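A.B. asks: whatever this is, show me its structure:
(one chain, ligands or ions: 1)
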Amino acid sequence: MIFVIAEHRDRKLKPITSELLVFAQRVSRDFGQPITAVVLGADTGAVVDELKARKIDRVIAADHEQLAEYTPDTYVDVLKGIIEKEKAFLVLIGHTTQGMDFAPRLAVALRRPLIAGCVEYEKQGDRLILTRQIFNAKMNMKTIPRGEPPYLATASPGAFPADEVESGGNAEVVQIPVEFRRSPQRKILERVDAPKGQADLSSAPIIVSGGRGLKEKQNFHLIFELAEAIGGSVGASRPVVDAEWLPREYQIGSSGQTVSPKLYFAIGISGAIQHLVGMQSSRCIVAINKDAEAPIFKVAHYGIVEDLFKVVPALTKIFKDLKQG
Ligand SMILES: Cc1cc2nc3c(=O)[nH]c(=O)nc-3n(C[C@H](O)[C@H](O)[C@H](O)COP(=O)(O)OP(=O)(O)OC[C@H]3O[C@@H](n4cnc5c(N)ncnc54)[C@H](O)[C@@H]3O)c2cc1C
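C.D. replies: Below is the predicted model:
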C-alpha cells in the first residue's frame, strides 16, 4: 500500500497533494501497490470529496476538532497508529514547511528510513530507488532504502506535475476513530497570513520575475504590468530585494522561495546558481536579457536577447490586446 498524506488548507487540497498523488500513481503502476490518501483535520468532508474523485483506492479520514490546526505531535500520533496497522510500502509526504516538520518525527516514531526531497524514482527489479537533489540541486543522489518497508519519502514541490493527476476513481472512504495516545506538546497561538495582494509564489502557475537589469525601483512597474496582463504573480532576484525595491517574500532562489510554475519569465536576471535552484524546475522558462552569454539562457526554453525596456512593454501590449480581442 502507498500512503499519501494529504496537505490541505481552508477545506481545499494544496497543490502539493496532487503532486504526491502523481508520484503515488506512477509508483502504483510500477509496483502494483494500491493507493490510500490520508486526511487529518476537522470538518474534512470537502477535502475527502476532492480526493475521492482521484484515481486511488481508498481515503482514510481522521476527523477530530483537535486536528483543526496542524501540530507535529497530533499528526505523528495519529499517522503512526494508521501506518502501523497496515502493510505499508511507501509513505509520501510533501517536502513543504509542514511536511519537513513532521516527516522526520514520524520516521523516528516508526523506526523506518526517510528519504527527503525526492524528485524522481526508479524500479530496479523489486527495489525502489529514490532520487533526491543535494548541494543546492547541483547533484542528484540515488538512494536505496534499506530494510523492510514502509519507507518514508518527502517529495520536492514541483518535481511531479500536479496537472497529470489521474481522476475517475471511486475510492472507498474510511472514517477512523481518533484517539490521542499523548497530549500535544505544542499549540498554535496565532496564524498570521501573508499581506493581502501578495501571491503564494510556491503555487503560482505563472511568475514574472525581474532582476537587477531593471536598474531601479521605479522601473519595476514594467514587471507588474506584464504580470497583470498575463495573469501572473511577480517574483524577483535577490539584489532587487536587498536594494529594497520589493519585500523579501518576492525573492526566488536558494535563500528565497522555490517555485515551479508552468511559465516563468526571467527578465534582466543573469541566472546565478543561487537563483536557478529556486526556479529551474519551472515547466517553461522565458529569459529576456541583453547579454547573449548570460547563464540564464542555459536553462531557458525560449530566449530573447534584447533590451528589456523595449521587449517588456511590447509583450505587455500584445497580451493586453489578446485579452481584449
Ligand atoms: C549565500 C547566497 C545566497 C543567495 N541567494 C540568492 C537567491 O535566493 N536568489 C537570487 O536571485 N540570488 C541569490 N544570491 C545572489 C546571486 O549570487 C546573484 O548575485 C543574483 O542572483 C544576481 O541577481 P540578478 O540576476 O538580478 O543580477 P545580475 O547578476 O547583476 O544580472 C542582471 C542581468 O540583467 C541583464 N541586463 C542588464 N540590463 C538589461 C537590459 N536593459 N535589458 C535586458 N537585460 C539587461 C544583464 O545582462 C545581467 O545578466 C545569493 C548569493 C549568495 C552568496
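
A.B. asks: check contacts around residue 287.
C.D. replies: Going by CB atoms under 8 Å, 6 or more residues apart in numbering, residue 287 touches 265, 266, 267, 269, 271, 294, 296, 297, 300, 302, 303, 304. The way it works is simple: take the backbone N, C-alpha and C, and place the C-beta from them, glycine included.

A.B. asks: switch those over to CSV; also include neighbour count.
C.D. replies: Below are the contacts of residue 287 laid out as CSV (neighbours: other CB atoms under 10 Å):
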residue, neighbour count
265, 29
266, 31
267, 26
269, 31
271, 22
294, 22
296, 25
297, 18
300, 22
302, 12
303, 18
304, 19
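
A.B. asks: now render these as CSV, adding distance to the ligand and secondary structure.
C.D. replies: Output for the contacts of residue 287, formatted as CSV (distance: CB to the nearest ligand atom, whole Å; DSSP: H, G, I helix; E, B strand; the rest coil):
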residue, distance to the ligand, secondary structure
265, 12, strand
266, 8, strand
267, 7, strand
269, 4, coil
271, 7, coil
294, 4, coil
296, 7, helix
297, 10, helix
300, 12, coil
302, 15, strand
303, 11, strand
304, 9, strand
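
A.B. asks: can you classify the closest residue to residue 35 other than its chain neighbours as helix, strand or coil?
C.D. replies: With sequence-adjacent residues excluded and distances taken as CB to CB, 6 or more residues apart in numbering, residue 35 is closest to residue 56, at 4.1 Å. At residue 56, secondary structure determined by DSSP: H, G, I helix; E, B strand; the rest coil is coil.

A.B. asks: my guess is residue 102 meets residue 72, correct?
C.D. replies: Yes - using CB atoms under 8 Å, residue 102 is in contact with residue 72, at 4.4 Å.

A.B. asks: which SS state does the closest residue to residue 184 other than its chain neighbours fall under?
C.D. replies: Closest residue to residue 184 apart from its sequence neighbours, by CB to CB, 6+ apart: residue 73 at 4.0 Å. Counting by three-state DSSP, the backbone at residue 73 sits in helix.

A.B. asks: go on, residue 291?
C.D. replies: When classified by three-state DSSP, residue 291 comes out as coil.

A.B. asks: tell me the pLDDT of it.
C.D. replies: Per-residue confidence (pLDDT) for residue 291: 98.

A.B. asks: what is the neighbour count of it?
C.D. replies: 13 (other CB atoms under 10 Å).

A.B. asks: and residue 136, what's its pLDDT?
C.D. replies: Taking residue 136 on its own, its pLDDT is 66.

A.B. asks: more neighbours, residue 102 and residue 72?
C.D. replies: Between residue 102 and residue 72, counted using other CB under 10 Å, residue 102 has the larger neighbour count: 21 against 17.
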